[in-house]
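*Asks:* here's my sequence, what's the structure:
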Amino acid sequence: MKEIEYLDISGDVGLRLRAGSLEELFEAAAEGMASLITDTSALGESEQKEVVIPAGRGDDVLIAWLNELVFLFDAYGFIGRDFRVTFHKGELRASVSGGTFNPAVNERNLLIKAATYHNLCLKKINSHWEATVVFDI
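*Replies:* Next up is the predicted model:
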């Protein structure tokens with residue numbers, strides 16, 4: 001179960017996420033962010049990247065994860081379409097399938113500069129996880 005709600009924040013944009021596990025929540029965050037950048041259904045899955053984020057507090061790992069994906073897009077034009085996240089001893093390990101953004105083919109939506117700590121919230125409520133994350137655009 002993954003739920004993604006888009007938040008319109010004055011001068012920024014955000015996501016409110018809900019998932020059955022922490023892994024699913026991090027996957028939903030990446031999917032939501034990628035869909036803010038472009039229509040990911042128009043992307044192929046011609047490339048695969050492995051991402052490792054060192055252990056830390058959950059909210060720090062969430063921001064580092066999303067900002068690593070922003071870096072891959074900014075530096076290499078790579079945008080993920082399918083995300084598989086696992087945690088081992090607090091460390092995030094992810095396999096990201098996607099492709100290179102081509103402005104001639106892919107429509108550009110928002111220019112995301114970074115995931116921020118502004119109004120960041122990550123918590124477990126009963127049997128599910130919820131998060132709110134805001135992006136600087």
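*Asks:* any idea how far residue 52 is from the residue nearest to residue 5 when sequence neighbours are not counted?
*Replies:* Excluding the flanking residues, the one nearest residue 5 by Cβ to Cβ, 6 or more residues apart in numbering is residue 16, at 4.2 Å. Bear in mind the C-beta positions are built from the backbone N, C-alpha and C, glycine included. The gap separating residue 16 from residue 52 is 27 Å, by Cβ to Cβ, to the nearest Å.
*Asks:* neighbour count winner among these two?
*Replies:* For residue 16 and residue 52, the more surrounded residue by other Cβ atoms under 10 Å is residue 16, and the numbers stand at 15 against 10.
*Asks:* quick one: the helix or strand hosting the more buried one to chain centroid distance?
*Replies:* Using DSSP states H and E, residue 16 sits in strand 12-19. Centroid separation between strand 12-19 and its chain, computed with Cα atoms, centre = their mean, to the nearest Å, is 10 Å.
*Asks:* immediately after it, which helix or strand?
*Replies:* With elements assigned by DSSP H and E, the helix or strand that comes after strand 12-19 is helix 22-37.
*Asks:* orientation of that following helix relative to strand 12-19 in degrees?
*Replies:* Orientation check (axes from the mean of the first three to the mean of the last three Cα atoms, to 10 degrees): helix 22-37 against strand 12-19 gives 150 degrees.
*Asks:* mind listing what's buried along stretch 92-99?
*Replies:* Using 16 or more other Cβ atoms under 10 Å as the burial criterion, the residues of stretch 92-99 that qualify are 92, 94, 96-99.
*Asks:* farthest pair in these?
*Replies:* 92 and 99 (22.1 Å; Cβ to Cβ).
*Asks:* if we can go back for a sec, check which helices and strands the strand holding residue 16 is in contact with.
*Replies:* When contacts are defined as 3 or more Cβ pairs under 8 Å, 6 or more residues apart in numbering; DSSP states H and E, strand 12-19 packs onto strand 2-9, helix 22-37, strand 114-125, strand 128-136.
*Asks:* does residue 103 count as helix, strand or coil?
*Replies:* coil (DSSP: H, G, I helix; E, B strand; the rest coil).
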